[in-house]
Structure formats: structure tokens, C-alpha cells
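**Student:** Please work out how this folds:
(one chain, ligands or ions: 2)
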Amino acid sequence: MAASDEPSADLLFLAPVNKEYSVSLKIEGPVSAKVMIARLNVNIDHVATVRQARRTTEPSVVAAAMICEQAGADGITIHLRGDRRHIQDRDLYILRQAVTTYLNVEMAATEEMIKIACDARPDAVTLVAERPGEITTEGGLDARANLDAVRASVSALRERGIIASVFIDPEEDQIEAACDAGADQVELCTAAYAEATMLPAGAHPTNEERIARELDRLRKAAAFAARRKLRVAAGHGLTYRNIGAIAAIREIAEFNIGHNIIARAVLVGLERAVRDMLAAIREGAERT
Ligand SMILES: CC(=O)[C@@H](O)[C@H](O)COP(=O)(O)O
Ligand SMILES: NCC(=O)COP(=O)(O)O
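**Tutor:** Ligands and ions are numbered 1, 2, ... in the order given. Here you go, the predicted structure:
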């Protein structure tokens, strides 16, 4: 690599802590060495949603995870919900054996769930909020209001070499609470940004203002979290259409994206859907 192409010190890359991993920088093609391309974990919850619709065995979440990895995904995310509406405990144990990239499990910060995580040993756990009956996650976990439970969960996870991430709204106090809890990472909830992008552009004159405001919140939160030496991830409601502006936020080292990838996969196939999202992330990063 010519000296002018030497990766700059600004390159941020994600490497699991507490474990010996060889870390390869993901620089593809003729991009400037200053461009960081965030990792993509594909959330395969809704492969399990289709399976659970008939309480049967297909589609296989293991097959889905293997296709995602072969397509270039950097990891697999699953959400083991208290109501087991899609991902089942057995999925976690089987995926732990099958996934060779990075397995991130989302769960509530409860004794039941942390016990399962400490037994199954995924690479990472992301602590999320859950409300019985919710259609999907409704926002970030209030790490400040639940500091004791978050701190106890983080401590148990880190003792076992499991990366501890907290899914929070993009607010400084929530980031500080994650630090106070000893977390390795925060995942910034992008729901408000995603919702603002869902309305037809121009249909609501204030819509562009909402998108700009939510993007600014995420940029500031990502920079603040990075300054507090936290790894920064982002997710929820991200799509092929709205990922570009977020991928340009260079402090974000990892995306967790699920529903929109699986929705596209239903029509064009999972390998193509994953490759399309990887391309969309790369395109957004190169815009910086
Ligand atoms: C925490 C979050 O935003 C998602 O990762 C979560 O998995 C959404 O839950 P469902 O997949 O059940 O919609
Ligand atoms: N934490 C976000 C995630 O894993 C996937 O969320 P979505 O893309 O299914 O909305």
C-alpha cells in the first residue's frame, strides 16, 4: 500500500473486546483510506417470524445465517424476546455453533435472559427495552432509570467475555448512563430518524426539518459516545433508502439491520438483499 494510502489514524474499526481476534480492516476497492465502512450485522428475527407462523421448521434461521455470512455480512443479530414470538432459545444455541462471524443477541436486562446469555455465550449481548404486546421495539432502553439492572447485566456479561452493548435513544445522558454501567458499546436507536424518512418527501413541509433534526441528534450522539470511548452501533428501522446519510456518520462502526433486509429478501432472495445493503452502506460511507 503506497504511503499516501496508509490507513489514517482516523480509521475506526470494531473488534470484539476480551477475546483474541485477528482484525482485518474492511477497505474495499479504490476508496480513500480515510473512509471507514461500518460493519453490518443482519437481524434474522423475521426469518423466524415466518417459521413461527406455522410453528414448523422452515425457513431455517441457521440456513439464513449461513447465507448472510456468505453474502458478506459481518455478523448475525437475533432478539430473544420474553414472549418468544420469533427467535426461540434453541435458535440461540444452534446459531452459537453455526455462526462463524459474530453473534449478537438482543434481550431485556432480566435475570432470566442474562442467565441464558451467560450459558450460550454469544459474542455480544445488546440490552433492549421490551413492552409486552409491542409490535416492535418502541425506543431505546432507559439506561438511566434502570441503571442498577443494566449495571448488573453488563457486569455478568463482561465477566464471561461477552461484549455488553446498550440500545439507547441518541441522548447524552443515556450515553453517560451506559458508561456508568460499564458497557462496551451503545447502539443508537434510529427509530425517530427512520420514521421521519418514511413519509413521502415534500408531503409534509416540516418533514425535511424532522429528518435534518434527527440526523443531527445522531451525529452529535455518535461523536459524544466515541469521545467517551464507547463503541458506537446504530439500528432500528433502517432501510436501503435511509441508510446512506447514517452510513456517513464515521463514528458509527456497526449497523444492526433486519426487517427491511428480510422484506427485500422475500422478493429477490437473501443473498442479493444482503449484498444490496452492504453496497448501500459502502455508498453512504464514501459520500463523507
Ligand atoms: C432493538 C431493535 O430495534 C430491534 O433490533 C428489535 O429486534 C426489534 O424487534 P423485532 O425484531 O421483534 O421487531
Ligand atoms: N437493533 C436493530 C436491529 O437489530 C434491527 O432492527 P430492524 O432493522 O429490524 O428495525
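**Student:** residue ranges for the strands of the stretch 1-150 of the chain, please.
**Tutor:** Taking DSSP state E, counting those that start in this stretch, the strands of the stretch 1-150 of the chain run over residues 39-43, 75-79, 103-107, 124-127.
**Student:** Tell me which of those strands sits nearest to M277.
**Tutor:** In terms of Cβ to Cβ, the element of the strands of the stretch 1-150 of the chain nearest to M277 is strand 39-43, at 6.3 Å. Using the backbone N, CA and C atoms, a C-beta is placed for each residue, glycine as well.
**Student:** ok, residues contacting the closest one?
**Tutor:** For strand 39-43, contacts defined as Cβ atoms under 8 Å, 6 or more residues apart in numbering pick out 14, 26, 68, 72-79, 102, 104, 106, 235, 253-259, 261, 274, 277-278, 281.
**Student:** again, but for stretch 58-65
**Tutor:** 44, 47-48, 50-51, 76, 78, 87, 91, 94-95, 98-99, 270.
**Student:** Let me know the closest of those residues to A156.
**Tutor:** Nearest to A156 among these is I78, at 19.3 Å by Cβ to Cβ.
**Student:** So what pairs up with that closest one in the strands?
**Tutor:** V105 (DSSP bridges).
**Student:** What about E130, how many residues nearby?
**Tutor:** For E130, the count of nearby residues is 19 (other Cβ atoms under 10 Å).
**Student:** ditto for A71
**Tutor:** Other residues within reach of A71, judged by other Cβ under 10 Å, total 19.
**Student:** surely it meets A265?
**Tutor:** No: A71 is not in contact with A265 according to Cβ atoms under 8 Å; the separation is 10.1 Å.
**Student:** Between these two, which contacts overlap?
**Tutor:** The contact lists of A71 and A265 share 272, 274, where a contact means Cβ under 8 Å, 6+ apart.
**Student:** Can I get stretch 61-74 in CSV, CA atoms only?
**Tutor:** This file holds the C-alpha atoms of stretch 61-74, laid out as CSV (Å, rounded to 0.1, in the frame of the first residue of the first chain):
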residue,chain,number,x,y,z
VAL,A,61,-32.6,-19.5,10.8
VAL,A,62,-29.3,-21.4,10.5
ALA,A,63,-29.6,-21.6,6.7
ALA,A,64,-30.4,-17.9,6.7
ALA,A,65,-27.4,-17.0,8.9
MET,A,66,-25.1,-19.0,6.6
ILE,A,67,-26.4,-17.2,3.5
CYS,A,68,-25.9,-13.9,5.2
GLU,A,69,-22.4,-14.7,6.1
GLN,A,70,-21.6,-16.0,2.6
ALA,A,71,-23.1,-12.8,1.2
GLY,A,72,-20.6,-10.7,3.2
ALA,A,73,-22.4,-9.9,6.4
ASP,A,74,-20.1,-9.2,9.3
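**Student:** re the thing from before, ligand 2: which of the strands of the stretch 1-150 of the chain is closest?
**Tutor:** Between ligand 2 and the strands of the stretch 1-150 of the chain, the shortest gap by Cβ to the nearest ligand atom is with strand 39-43, which sits at 3.6 Å.
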